[in-house]
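Undergrad: Fold the following and give me the result.
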Amino acid sequence: MQEVARRLVPGAALLVVAPSTEAALYIRQRLVDARLEKPMTPKAAADGIANGVFKRGGVRTKHWLREELELFARRCGFRLERIGKVEFGWASEVDDERLRKMGVPLSLNVPPHPWDHLAIFRRLADGTNGVEPKPEGLLSIRSDFEARGCLTSCMLSRGGDNEAAV
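TA: Residues are numbered from 1 along each chain as shown. As a prediction, this is how the structure comes out:
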């Protein structure tokens, strides 16, 4: 992300989709409850909690807490402007090919569904070290409902009066 920061001009927006730690824990519990997976071993659970590393599609993948994303971005020269959830279907979370072909059980079709973080970061001016006041007029997301709505109604400022819908 530091390399991305070097390539973007101050004020530029960066859209990031990142796996969610909260979602990984939630997804795992729902799959265990539906008897589609066995509970995590204590070692796997400890690794996931301590490092945010969980298997996704059979691959060990880093997952992020919202606050962790914000801190990491600040260290790399960005400010978190907005964050929401982007939901997707259960089929991508079930490792068993047979279950994918048969379809996901109805018990999993009850929301919330699996999600990733969808974050909009703003490139800070060099030397600000992540401490730049928030401009006025930014959308504040106060609930999951608004976060989902944000995916269709957020406006990204490109600087000046130009805006683009996300």
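Undergrad: which residues are contacting stretch 19-39?
TA: With C-beta atoms under 8 Å, 6 or more residues apart in numbering as the contact definition, stretch 19-39 has outside contacts at 40, 48, 52, 54, 56, 61-66, 68, 85, 93-96, 99, 105, 107-108, 112, 114-117. In short, each C-beta sits where N, CA and C put it, glycine included.
Undergrad: so of those, which ones are in strands?
TA: Of the positions in the contacts of stretch 19-39, 54, 56, 61-62, 85, 115-117 sit in strands, assigned by DSSP state E.
Undergrad: Could you save these as CSV and add columns showing pLDDT and distance to residue 125?
TA: Formatted as CSV, the ones in strands among the contacts of stretch 19-39 follow (pLDDT from 0 to 100; distance: C-beta to C-beta, whole Å):
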residue, pLDDT, distance to residue 125
54, 85, 36
56, 81, 35
61, 90, 33
62, 93, 28
85, 95, 30
115, 94, 32
116, 95, 29
117, 96, 25
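Undergrad: Which ChimeraX command selects the buried ones in those?
TA: To isolate the buried members of the ones in strands among the contacts of stretch 19-39 in ChimeraX, using 16 or more other C-beta atoms under 10 Å:
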select :54,56,85,115,116,117
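Undergrad: Pipe the ones in strands among the contacts of stretch 19-39 into a markdown table and attach distance to residue 18 per row.
TA: Below are the ones in strands among the contacts of stretch 19-39 laid out as a markdown table (distance: C-beta to C-beta, whole Å):
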| residue | distance to residue 18 |
| --- | --- |
| 54 | 13 |
| 56 | 12 |
| 61 | 10 |
| 62 | 8 |
| 85 | 11 |
| 115 | 11 |
| 116 | 6 |
| 117 | 5 |
